[in-house]
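> Kindly generate the corresponding structure for this input.
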Amino acid sequence: MGVLSMLISITFIFLAGLHFYWAVFGIKDPSKVIPTKETSNKVKSPGKLAAAFVGIVLLFFAFVFINKEIVYVETDWMHYVPIGIGILFIIRALGDFKYVGFFKSAKNSKFSALDTRYYSPLCLLLGALIIILELLS
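Predicted structure coming up:
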């Protein structure tokens with residue numbers, strides 16, 4: 001199960017790096033990575049601090065799975081955090097029934113096409129792998 005933990009960690013580190021890149025250099029085409037309202041094509045881009053915060057959270061997620069193999073922190077709550085992360089990603093894959101996830105109703109933007117094709121399946125895969133990893137360990 002160590003390989004699976006490391007693959008999940010590498011994925012989180014990559015995603016964190018992407019968010020840090022956006023925090024430093026900005027998002028070149030926000031309509032591809034941020035949901036837009038159906039009534040307007042204007043995309044409200046979150047700030048650099050929000051992107052950096054998401055990057056920090058993703059690095060924490062990576063640490064949780066690295067910690068499963070190389071124990072840096074030994075606490076009782078660290079055994080429950082991965083299940084919470086897995087559930088969080090499964091909920092993200094299912095979506096808010098409006099702008100994100102498999103069951104979104106807004107399907108006419110660049111983001112919605114990319115979300116259906118890449119973002120939601122990645123979240124579902126990560127969530128399922130995390131839950132499977134936790135059930136087997």
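> so where do the helices sit in the chain?
2-25, 48-69, 81-94, 110-114, 120-136 (DSSP state H).
> burial count for Arg92?
Neighbours of Arg92 under the rule other Cβ atoms under 10 Å: 18. The way it works is simple: take the backbone N, C-alpha and C, and place the C-beta from them, glycine included.
> burial of Leu125, as a residue count?
14.
> Return the helix or strand in the chain with minimum mean pLDDT.
helix 110-114 (a mean of 91; mean pLDDT, DSSP states H and E).
> just for this structure, where's the confidence low?
38, 41-43 (pLDDT under 70).
> can we see that at 80?
1, 36-45, 137 (pLDDT under 80).
> Farthest out from the centre of it, which residue is that? Tell me.
Thr39 (26.4 Å; Cα atoms, centre = their mean).
> Who are the contact partners of Phe97?
Going by Cβ atoms under 8 Å, 6 or more residues apart in numbering, Phe97 touches Phe103, Lys104, Ser105.
> brain fart, Lys32
Contacts of Lys32 (Cβ under 8 Å, 6+ apart): Lys110, Phe111, Leu114.
> switch the cut-off to 6 Å
Residues counted as contacts of Lys32 (Cβ atoms under 6 Å, 6 or more residues apart in numbering) are Lys110, Leu114.
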